[in-house]
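# predicted model and sequence follow; I will ask about them next.
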Amino acid sequence: MNEFELIRTYFQRDPLDPSVTLGNGDDAAVVSQHSDFETVVSVDSVIAGRHVPLMCPPDGFAARLLGRGLSDLAAMGAEPQAVLLSLTLPTLEPGWIDHFASRFHQLCVRFGVDLIGGDTTKGPLSAHLTVLGQVPKGSAVTRSGLKSGDDLWLFGPDLGGARAYLDVLDGQQPDHEIWAERYWRPEPQLDAGVSLRGVASAMIDVSDGLCQDLLHLLDHAVGSASVKLQSKLFPLCPDLVDRFGQDKALEYALTGGDDYCLLASIRGGVTIPTRGRRIGMVVKGETDRILLDGEPLPDAWQLGWDHSR
């Protein structure tokens, strides 16, 4: 099977969204613009041996790729519309790709997005996903705007499970169904993101580690600000404390990343969307930018994923 047969067989579908006037199969897609909306665009990569194991299950690769990408739209309060997929495969033959494509299209239907184009080539397993969404003009939620007096809220299931699953992959822990689910099938908080338009003063998704992502919000704060976190308020993934103890469980939850919850600063007196958890508060700038239960974060903690390593 050559590249063009592979695309026709596995990736060409009729568009679901009427705004896609020309979908996959030409030199480029054509998407109509709405005058009262703005387009939100992001791109993300998943590389075997870097972001996932070299021996990677196809359905997990598809779910992780799409979930990570759509989480960026959720963090902006955007509604997803379409994706473009650039896929590099060790071999352009059916089998692995059949399962990948099946899962990918299932999730596209679930999240209401069209695959409108991309590219395939031969090489080490990797993928680059471009996601397109929309928001009403002026309503995108950005990283800028956190300030003293805000509360810090978390929207999503729990923290630490994806990081704990790395210990399973390394053979340090027995398998765990929920940790595997968190790692391979991240759940983009799209509905929560939309509900936080006009509510959150700043927002980011927890991809690289909660503390590291929180520092991005602090970097764009209005005025000098620090955050006081309370450990008892964090939703820890099941069995973290039993397997690792309280201190290590908190470290995994606050620094592990790949949780894809939404972290939002919200001013007092605002109606909070359902399923949010208050985890701390923003105060005027102190010596330590993040305090946990009134104390500085442990020096031994690496606060999140470093893409340059």
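Good, I have the coordinates.

# same question for the helix or strand hosting residue 46, mean pLDDT?
Following DSSP states H and E, one finds residue 46 within strand 37-47. Across strand 37-47, the average pLDDT comes to 93.

# relative to strand 37-47, how tilted is the next helix or strand after that strand?
Proceeding N to C from strand 37-47, the next assigned helix or strand is helix 58-75, under DSSP H and E. Relative orientation of helix 58-75 versus strand 37-47 (axes from the mean of the first three to the mean of the last three Cα atoms, to 10 degrees): 140 degrees.

# output the contacting helices and strands for helix 58-75.
The elements that helix 58-75 packs onto, with contact taken as 3 or more Cβ pairs under 8 Å, 6 or more residues apart in numbering; DSSP states H and E, are strand 37-47, strand 79-89, helix 96-111, strand 126-136, helix 177-184, helix 190-195, strand 200-205. Where you see a C-beta, it was placed from the backbone N, CA and C, and this is true even at glycine.

# and with 6 Å instead?
Applying 3 or more Cβ pairs under 6 Å, 6 or more residues apart in numbering; DSSP states H and E, we find helix 58-75 packed against strand 37-47, helix 96-111, strand 126-136, helix 177-184, strand 200-205.

# also compute the angle for the third one relative to helix 96-111, please.
Same thing as strand 126-136. Angle, strand 126-136 to helix 96-111, by the same axes, to 10 degrees: 10 degrees.

# any idea of the mean pLDDT in the helix or strand just after strand 126-136?
Going down the chain from strand 126-136, the next helix or strand is strand 151-155, by DSSP H and E. Confidence for strand 151-155, expressed as mean pLDDT, is 97.

# hang on, the earlier thing: out of the helices and strands packed on helix 58-75, which comes closest to residue 58?
Proximity to residue 58 (Cβ to Cβ) singles out helix 96-111 among those, at 3.8 Å.

# so after that closest one, what's the next helix or strand?
Using DSSP H and E, the helix or strand that follows helix 96-111 in sequence is strand 114-122.

# so which elements touch that next one?
In this structure, strand 114-122 packs against strand 79-89, with contacts taken as 3+ Cβ pairs under 6 Å, 6+ apart.

# which stretches of the stretch 51-200 of the chain aren't confidently modelled?
When residues are selected by pLDDT under 70, none of them lie in the stretch 51-200 of the chain.

# doesn't residue 207 make contact with residue 305?
No - here residue 305 does not reach residue 207: they are 7.7 Å apart, not a contact under Cβ atoms under 6 Å.

# so these two - more neighbours on which side?
residue 207 (22 against 17; other Cβ atoms under 10 Å).

# the more buried one belongs to a strand?
No - checked against DSSP: H, G, I helix; E, B strand; the rest coil, residue 207 lies outside a strand; its state is coil.

# okay, now the domains of the protein?
Annotated domains of the chain cover 3-136, 151-296 [automatic domain parsing].

# export those domains to CSV and tack on distance to residue 143?
Shown next, in CSV, are these (distance: least, Cβ to Cβ, whole Å):
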stretch, distance to residue 143
domain 3-136, 8
domain 151-296, 5
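
# if we can go back for a sec, closest to residue 292 out of the helices and strands packed on helix 58-75?
Comparing the helices and strands packed on helix 58-75 against residue 292 with Cβ to Cβ, the closest turns out to be strand 200-205 (18.5 Å).

# chain center to that closest one: distance?
13 Å (Cα atoms, centre = their mean, to the nearest Å).
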